[in-house]
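**Student:** A predicted structure for the sequence below; I have some questions about it.
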There are 2 protein chains.
Amino acid sequence: MKETQGTRRRFLKTAGFAAAASVTRVDRSFARGRSPATTRPDKIQFQLGLASYTLRKFKLDDVLAMTKRVGLKYIAFKDFHLPMNSTPEQARDVLEKVKKAGLILYGGGVIYMKTEAEVHRAFDYAKAAGMKTIIGVPQPQLLPLVNERVRQYDISVAIHNHGPGDRTYPTPASAYEKIKNLDRRIGLCNDVGHTKRAGVDPSESCAKYADRLLDVHMKDVSEATARGRGVEVGRGVIDIPRLVRTLVKIGYKGIVSFEYEKDADDPLPGLAESVGYVRGVIAAV
Amino acid sequence: MKETQGTRRRFLKTAGFAAAASVTRVDRSFARGRSPATTRPDKIQFQLGLASYTLRKFKLDDVLAMTKRVGLKYIAFKDFHLPMNSTPEQARDVLEKVKKAGLILYGGGVIYMKTEAEVHRAFDYAKAAGMKTIIGVPQPQLLPLVNERVRQYDISVAIHNHGPGDRTYPTPASAYEKIKNLDRRIGLCNDVGHTKRAGVDPSESCAKYADRLLDVHMKDVSEATARGRGVEVGRGVIDIPRLVRTLVKIGYKGIVSFEYEKDADDPLPGLAESVGYVRGVIAAV
């Protein structure tokens, strides 16, 4: 197997297509029916996933089927798919369904934390569902408590920026300033769409705060202002090849989760197009 | 407008992302609601389109809506969407619908021609519908008549290879040998899936017969043998980045039409993923 890849790699280099060689393994393994998310070629260290907010109008079974259909393996649930007031038993049942579908529930979010009770609830919820990451919006005064919980539960918190309309965390920079001295398991979920809408370059902000980049919400937007709306990845104003090159360059090892906000009633074609686009970029960069 | 692009281009080059600059215009124009197929950046001279065989289970109105939804502008009809025995009036009505949808009916096919009468019918059909290209399978003994009709109608004929099971034109090479001395408007539709299934490298065959490449059927297949099945582009064994680089290198100026054969009853997500993948590759090569 290794020899075959080596041979192919040498052939590609000889043929002058060296740039294609490093992603060959992704294509090959995918062709054999495995998700590209399970392979780790030399350059690409991150995985592709889904933020289930994309499928907010759909029930769990459909969410799992659609996630599998577009070939994503990692998923983070919005509370539509696992209510915040679920019992531990309910969380276990849902987790069992996810596993049976061959998927990995890596996180939950976006989860808002406005009170101490909501911080406690968020961590208990994440623990019950086996989530490694809370994609969250804790109010700044609650960050010391969040810090304590992170250490106690060994669950990460990726603070999600929501763009121009968000007074607390409009940009990755605004979140970074508040968490930089806390436990390193508290970091950022760079929502590249909201970042762009705030007039900030997603590639630059991913690079600048690389040391605390814990999650990425992948999307595209129609313009780099507050009026920017979600569109299929590749149809908007974000330079996706540059973003992918940046994530490779900084050695990002987390999940890049698609959060496709358009077409809430019929999101599958736009989600599929978006996933295809990013895979195409990954294969060609 | 030109100045803005120039400024952006310089910025990208300065930032060390020169490779991304050449495709910026595709992204930008698409973001403003135009199809990327209508723009011609420096490197990419071909357009993306749809072979309507992909949507063979759907009626014309749905076909046009789905083609628009995935952002394709050029379409070639299989006879499901314009029957071969249509009257000139029926062809005009269909053409009118295509135009109203903002699409361009550039061709028809795959059209089989086994008799002289079928050759005459194919050209009359294409003329009535304003098609510039017949993607066809004329029996070799009919090629002199096809040659005459091409000159008379100024309609191109792109001979479509159908892979290992096809006794007449299994590969681009087998078609090229039979047409190389005919009018240059007779050439090839390289169906990269069938080419790969025949054990021939799609990039190499596109390059080798570049002088007569008139159309491309874009797809991916699960393996490089007769048993290969259609899959979403990017999930199969075809090296798509290399194919795109080849089409750029040979200066291909025709249409690259998606023919997604999987999921006949529900093809939109797989088609969208395939279109996204190729756009992502184009943006990143």
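**Tutor:** It's in.
**Student:** C-alpha from now on. contacts and neighbour counts both.
**Tutor:** Fine.
**Student:** which stretches of the stretch 51-200 of chain A form helices?
**Tutor:** A:60-69, A:88-100, A:116-128, A:143-153, A:172-179, A:192-197 (DSSP state H, counting those that start in this stretch).
**Student:** Tabulate the ones you listed in a markdown table, adding columns for distance to chain B and mean neighbour count.
**Tutor:** Formatted as a markdown table, the helices of the stretch 51-200 of chain A follow (distance: least, Cα to the nearest Cα, whole Å; neighbours: other Cα atoms under 10 Å in any protein chain shown):
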| stretch | distance to chain B | mean neighbour count |
| --- | --- | --- |
| helix A:60-69 | 9 | 18 |
| helix A:88-100 | 22 | 15 |
| helix A:116-128 | 31 | 18 |
| helix A:143-153 | 36 | 16 |
| helix A:172-179 | 21 | 18 |
| helix A:192-197 | 14 | 29 |
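**Student:** For residue B:228, which of those is the nearest?
**Tutor:** Nearest of the helices of the stretch 51-200 of chain A to residue B:228, taken as Cα to Cα: helix A:60-69 at 19.7 Å.
**Student:** in what helix or strand does the most centrally placed residue in chain A lie?
**Tutor:** Nearest to the mean C-alpha position of chain A, by Cα atoms, centre = their mean, lies residue A:257 at 2.6 Å. Assessed by DSSP states H and E, residue A:257 sits inside strand A:255-258.
**Student:** and that strand with chain B, contact?
**Tutor:** No: on the criterion Cα under 8 Å from any Cα of the partner chain, strand A:255-258 is out of touch with chain B, staying 13.4 Å away.
**Student:** same thing with stretch A:237-247?
**Tutor:** Yes: Stretch A:237-247 is in contact with chain B by Cα under 8 Å from any Cα, via A:237, A:241-242.
**Student:** out of the residues you listed, who's nearest chain B?
**Tutor:** Nearest to chain B among these, counting by Cα to the nearest Cα, is residue A:241 at 5.5 Å.
**Student:** In three-state terms, label residue A:270 for me.
**Tutor:** Classification of residue A:270 using DSSP: H, G, I helix; E, B strand; the rest coil returns helix.
**Student:** Relative to chain B, how far out is it?
**Tutor:** 7 Å (Cα to the nearest Cα, to the nearest Å).
**Student:** Can you check the pLDDT for the residue nearest to the centre of chain A?
**Tutor:** pLDDT recorded at residue A:257 is 98.
**Student:** Which strand residues bridge the residue lying closest to residue A:218 once chain neighbours are set aside?
**Tutor:** Of all residues not flanking residue A:218 in the chain, residue A:258 sits nearest, at 4.6 Å (Cα to Cα, 6 or more residues apart in numbering or on different chains). Beta bridges link residue A:258 to residue A:50, residue A:218, judged by DSSP bridges.
**Student:** So residue A:258 is in contact with residue A:217, correct?
**Tutor:** Yes: the criterion here is Cα atoms under 8 Å, and residue A:258 meets it with residue A:217 at 5.8 Å.
**Student:** returning to that earlier point: can you list contacts of the strand holding residue A:257?
**Tutor:** For strand A:255-258, contacts defined as Cα atoms under 8 Å, 6 or more residues apart in numbering or on different chains pick out A:46-51, A:54, A:74-76, A:214-219, A:271, A:274-275.
**Student:** which strands and helices sit next to the helix or strand hosting residue A:247?
**Tutor:** If you go by DSSP H and E, residue A:247 is part of helix A:240-249. In this structure, helix A:240-249 makes packing contacts with helix A:202-208, helix A:268-284, helix B:268-284, judged by 3 or more Cα pairs under 8 Å, 6 or more residues apart in numbering or on different chains; DSSP states H and E.
**Student:** Now for the residue lying closest to residue A:165 once chain neighbours are set aside: which residues touch it?
**Tutor:** Using Cα to Cα, 6+ apart and skipping the chain neighbours, the partner closest in space to residue A:165 is residue A:226 (7.4 Å). Each residue near residue A:226 by Cα under 8 Å, 6+ apart is listed here: A:163-165, A:197-198.
**Student:** Can you go through those residues and name the buried ones?
**Tutor:** Listed as buried from the contacts of residue A:226 are A:163-164, A:197-198; burial here means 16 or more other Cα atoms under 10 Å in any protein chain shown.
**Student:** ok, these vs chain B, which is closest?
**Tutor:** For the buried ones among the contacts of residue A:226, the nearest to chain B is residue A:197 (14.2 Å; Cα to the nearest Cα).
**Student:** Smallest distance to chain B belongs to which residue of the stretch 51-200 of chain A?
**Tutor:** For the stretch 51-200 of chain A, Cα to the nearest Cα, closest residue to chain B: residue A:70, 7.8 Å.
**Student:** which residues touch that residue?
**Tutor:** So residue A:70 contacts A:271-272, A:275, B:269, B:273 (Cα under 8 Å, 6+ apart).
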